[in-house]
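Trainee: Kindly return the folded structure for what I paste below:
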Amino acid sequence: MEILAFALVLALAFANGTNDVSKAIATLVGSGVTDYRTALAWGTLWTILGAGLSGLVASAMVKTFSQGLIEAGTVLPSAVGLSVLVGTIAWVLIASWTGLPISTTHALIGGIVGAGCIALGSQALIWPSLFKKIALPLLLSPLLALAVSLAIHPLIRVLATRWDGACLCLMPASRALVTIDARGGTRTLFQAASLGMPVAAVPDQCDRAGLRGVTVGMDSIHWLSSGLTSLARGTNDAPKIAAMLLLGSAASWPSGQLQIAAFAGVALAMGLGSSWGGRRVTEVLAEKVTRMDHAEGLSANLTTSSLVFVQVLVSERNKNLMSRPRHPSPRSYA
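Mentor: You can find the predicted model right below:
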């Protein structure tokens, strides 16, 4: 039974990859930065890194999804966990095949609530926890994302407009950082006095001014924001999927080897699903939702990644605070 559960967890991670990778890379394709194949490879790489990282920084997610939704002491039949996995896998794969962007978290919660109510009765579920830790964040996240996007997009738009046609050029041979304006005029911003001093830069069209050096421009920043979003997605989703191996238990791994195997397997399966089946949903988000450029893509990616990382950090902080031993207040005797 344990082997079947592990196989289904890997299948769920694969299904997750086919749907969720698109949410980080669609802006790259939609704004014309790159093609689908390259974007999928980029998203897959950062998704795997994020999923692997989650084993170290997202233990609170594991605890919430494995034991935080079901009353303590409830004996959970193995069929319940398997039903949750099979139902979630089926829905996510159907959605990916039809090009429908969905949330694996929504699907998992629906499976846990549905299977739990049927097998154990509604009294076995911790409804306040479901509302506070799951339903409320899921309801508020679109509104928060909208608010953050509206706040940062004007600034990103202004910066992108001012940067258009200009760049900075890193010239390692000369140990210099040079700015180039829209007409090709150059000005040295910094030049190191010795070879040991590092030079860092940001930019786009050094060749226009006849300069040769490493450049990072709006395209490059867009690439980085997409990678950051994929990293955040992997960090957020992998622990929820791995937690299904501990559903209804004490949320402690039987051994360190099993924990490593679970997160490594989930990370690789998510990456495989992303590279193999992530195109359909990416096409929908990149071409059939809205037209976008660098500024819009950057706004979307920065909003998504920041909110996801904040959620992970807040969850970990709350878990650490609750796990601290509480010392009784000293009593005063008259």
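Trainee: what's the burial count for S220?
Mentor: By other CB atoms under 10 Å, 15 other residues sit near S220. Bear in mind the C-beta positions are built from the backbone N, C-alpha and C, glycine included.
Trainee: Quick check: pLDDT value at it.
Mentor: In the prediction, the pLDDT value recorded for S220 is 75.
Trainee: a helix runs through it, doesn't it?
Mentor: Yes. Counting by DSSP: H, G, I helix; E, B strand; the rest coil, S220 is found in a helix.
Trainee: ok, it to T34 distance?
Mentor: According to CB to CB, to the nearest Å, S220 stands 12 Å off from T34.
Trainee: do the same with A72
Mentor: 49 Å.
Trainee: more crowded one of these two?
Mentor: T34 (18 against 9).
Trainee: The more buried one reaches L28, doesn't it?
Mentor: Yes. In this structure, T34 is within contact of L28 by CB atoms under 8 Å, at 5.2 Å.
Trainee: Between those two, which contacts overlap?
Mentor: Overlap of the contact sets of T34 and L28 (by CB atoms under 8 Å, 6 or more residues apart in numbering) consists of W42.
Trainee: residue ranges for the strands of the stretch 101-250 of the chain, please.
Mentor: Along the stretch 101-250 of the chain, counting by DSSP state E, counting those that start in this stretch, strands occupy 167-171, 176-180, 186-191.
Trainee: which stretch in those strands has the least confidence?
Mentor: strand 167-171 (a mean of 62).
Trainee: count of residues packed around the residue lying closest to L130 once chain neighbours are set aside?
Mentor: Spatially, and ignoring its direct neighbours in sequence, L130 is nearest to L69 (5.8 Å; CB to CB, 6 or more residues apart in numbering). Using other CB under 10 Å, L69 is surrounded by 23 other residues.
Trainee: Going forward, the N-terminal residue is numbered 282.
Mentor: Happy to do that; since the first residue is 282 now, the last one works out to L350.
Trainee: how close does L350 sit to S359?
Mentor: From L350 over to S359 (counting by CB to CB), the distance is 17 Å.
Trainee: A307 and D316, how far apart?
Mentor: In terms of CB to CB, A307 sits 13 Å off from D316.
Trainee: Just want to know which of the two has more residues nearby.
Mentor: A direct count of neighbours by other CB under 10 Å for A307 and D316 places A307 higher, at 29 against 10.
Trainee: Quickly find the element holding the closest residue to the more buried one other than its chain neighbours.
Mentor: Computed as CB to CB, 6+ apart, the closest residue to A307 that is not its neighbour in sequence is L566, at 3.6 Å. Using DSSP states H and E, L566 falls within helix 560-568.
Trainee: buried set for stretch 519-530?
Mentor: 519-529 (16 or more other CB atoms under 10 Å).
Trainee: Closest one to I375 out of the residues you listed, please.
Mentor: Looking at the buried residues of stretch 519-530 and their distance to I375, the nearest is I522, at 17.7 Å (CB to CB).
Trainee: Surely the closest one is in contact with N297?
Mentor: Yes. Taking contacts as CB under 8 Å, I522 lies within contact range of N297: 6.4 Å.
Trainee: Need the overlap of contacts for these two.
Mentor: 385, 551.
Trainee: what sits against Q592?
Mentor: 418, 517.
Trainee: roughly how far apart are it and G397?
Mentor: Q592 is 24 Å from G397, by CB to CB.
Trainee: and the gap between the residue lying closest to T379 once chain neighbours are set aside and L420?
Mentor: Closest residue to T379 apart from its sequence neighbours, by CB to CB, 6+ apart: R561 at 7.6 Å. Separation of R561 from L420 (CB to CB): 27 Å.
Trainee: The two - which one has more neighbours?
Mentor: Using other CB under 10 Å, the more surrounded residue of R561 and L420 is R561, with 17 against 10.
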